[in-house]
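Asker: here you go, sequence then predicted model.
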Amino acid sequence: MSSKVVKLSFEKETKNSVRFKEVAEDGQAPVVGTVYLQKWFAGNTKNLEITIDKKD
């Protein structure tokens, strides 16, 4: 099993959700790109970290 921590930053607010854009590491392609979270969960958060675990 391997894991990856992806950092995201606030991009824009939509009607019911908040859009976050991945902050890619230098020289690497984005892993997830864009993530939408519901406003009730995201609140006023400007930065997120998501851990992805690959179960092989």
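Answerer: Received the coordinates, thanks. Residues are numbered from 1 along each chain as shown.
Asker: CA only for contacts and neighbour counts going forward, please
Answerer: Will do.
Asker: excluding its backbone neighbours, what's nearest the most centrally placed residue in the chain?
Answerer: Residue closest to the mean C-alpha point of the chain, counted by CA atoms, centre = their mean, is Leu8 at 4.0 Å. Among residues not flanking Leu8 along the chain, Glu22 sits closest, at 4.2 Å (CA to CA, 6 or more residues apart in numbering).
Asker: residues contacting that neighbour?
Answerer: Going by CA atoms under 8 Å, 6 or more residues apart in numbering, Glu22 touches Val6, Lys7, Leu8, Ser9, Pro30, Val31, Val32, Gly33, Thr34, Val35.
Asker: Ser9 versus that one, what's the distance?
Answerer: 6 Å (CA to CA, to the nearest Å).
Asker: what's across from the residue nearest to the centre of the chain in the sheet?
Answerer: Glu22, Leu48 (DSSP bridges).
Asker: show the pLDDT at it.
Answerer: Looking at Leu8, its pLDDT reads 97.
Asker: show me what contacts it?
Answerer: Leu8 touches Phe20, Lys21, Glu22, Val23, Asn47, Leu48, Glu49, Ile50, counting by CA under 8 Å, 6+ apart.
Asker: wait, the second one sits on Lys12?
Answerer: No - if you go by CA atoms under 8 Å, Lys21 and Lys12 don't touch, sitting 9.0 Å apart.
Asker: mind checking which of those two has more residues around it?
Answerer: Per other CA atoms under 10 Å, whichever of Lys21 and Lys12 has more neighbours is Lys21, with 19 against 12.
Asker: got a ChimeraX select line for the buried ones in the contacts of Leu8?
Answerer: Applying 16 or more other CA atoms under 10 Å to those, the buried members can be selected in ChimeraX as follows:
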select :20,21,22,23
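Asker: nearest to Met1 among the contacts of Leu8?
Answerer: Ile50 (16.3 Å; CA to CA).
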